[in-house]
Every structure is written in C-alpha cells, then in structure tokens.
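J.: Pasting the sequence and the predicted model now:
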Amino acid sequence: MEICEKKGVTNMEINIARDYTKTPGGRYIKEGPFSGEDFRNTLLLPAFEKSKAQNERLTVVLDGGFGYAVSFLEEAFGGLVRQTKDKSVKDIEIISEEDESFKKKVYKYIDEAIKALK
C-alpha cells in the first residue's frame, strides 16, 4: 500500500498484484490462499477505515495480476459493504486498465450490496 499526493489530494493506493498477490483465489479463506475474504480482512478493510479516518481517497488497482474470479471481487468489495454497512464504499476508486470489465463488476457488486442494506 502506498500513499501519494496528486494536486493536493492525498490518495491511499492498494495495488493487488504488488501488495497482495498476482494470483487471487476464490471467495472464502477456507477455499484456499489469496481469497477475497482474506484480501478484504487483511488489506482492504484496514485501508478503507484508515482512508476514512484521514479523509483520504482510497484507490484499488486491479492491473498486473492473472485475472480475478467474480467470487473474489464480490466477497472483497460487496463483503466490505456488508461488513461495514457503509455506503461510502462506492467512493473507492477502482482502476482496471487491462480489463475494464473487472472495474464494472466491482462497482456492480458494491451497488448490489448497498441496495441489500435497505
């Protein structure tokens, strides 16, 4: 995880391939290494909480790995909404220049989890 400043805005960034793994797994820890659940608990949730406390923007970069199971993405990002009950999860910036469909899926899972909170 790194912190950078761009045009006066502090930004906290997680690059999954650099900071976690290039080979993400499935949904749950019990299904094997590098699961969406583990990523959420070890990196995403702490970074989300820290970015909120410090009024920083959180960016998650999906590029550089060998693809993502939809279960990994849904558990990491949809699970973050379910765990925190915080609609501002939608403000996380997702970068996926290698495959735009991953970015769309993440925002879809976040939106679906937010709708389910009601």
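T.: Yes, it's here.
J.: Looking at this structure, which helix is longest?
T.: helix 100-117 (DSSP state H).
J.: Contacts for that one, please.
T.: With contact meaning CB atoms under 8 Å, 6 or more residues apart in numbering, helix 100-117 is reached by 60, 62, 68, 70, 73-74, 77-82, 85, 87, 89-90, 92, 94-96. Just so you know, the C-beta spots here come from the backbone N, C-alpha and C atoms, and that holds for glycine as well.
J.: 10 Å instead, please
T.: 36, 60, 62-63, 65, 67-68, 70, 73-83, 85-97, 99 (CB atoms under 10 Å, 6 or more residues apart in numbering).
J.: Check stretch 21-36 too.
T.: The contact list for stretch 21-36 (CB under 10 Å, 6+ apart) reads 16-17, 20, 37-39, 41, 44, 62, 64-80, 109.
J.: what about 7 Å?
T.: 16, 20, 37-38, 64-66, 68-69, 71-76, 79 (CB atoms under 7 Å, 6 or more residues apart in numbering).
J.: Buried only: go through those for me.
T.: Those of the contacts of stretch 21-36 that meet the buried threshold are 16, 20, 37-38, 65, 68, 71-76, 79, by 16 or more other CB atoms under 10 Å.
J.: Can you lay out those residues as JSON lines showing pLDDT, distance to residue 31 and secondary structure?
T.: Listed next are the buried ones among the contacts of stretch 21-36 as JSON lines, based on pLDDT from 0 to 100; distance: CB to CB, whole Å; DSSP: H, G, I helix; E, B strand; the rest coil:
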{"residue": "16", "pLDDT": "98", "distance to residue 31": "17", "secondary structure": "helix"}
{"residue": "20", "pLDDT": "98", "distance to residue 31": "16", "secondary structure": "coil"}
{"residue": "37", "pLDDT": "98", "distance to residue 31": "9", "secondary structure": "helix"}
{"residue": "38", "pLDDT": "98", "distance to residue 31": "10", "secondary structure": "helix"}
{"residue": "65", "pLDDT": "94", "distance to residue 31": "17", "secondary structure": "coil"}
{"residue": "68", "pLDDT": "97", "distance to residue 31": "14", "secondary structure": "coil"}
{"residue": "71", "pLDDT": "98", "distance to residue 31": "8", "secondary structure": "helix"}
{"residue": "72", "pLDDT": "98", "distance to residue 31": "10", "secondary structure": "helix"}
{"residue": "73", "pLDDT": "98", "distance to residue 31": "14", "secondary structure": "helix"}
{"residue": "74", "pLDDT": "98", "distance to residue 31": "13", "secondary structure": "helix"}
{"residue": "75", "pLDDT": "98", "distance to residue 31": "10", "secondary structure": "helix"}
{"residue": "76", "pLDDT": "98", "distance to residue 31": "13", "secondary structure": "helix"}
{"residue": "79", "pLDDT": "98", "distance to residue 31": "14", "secondary structure": "helix"}
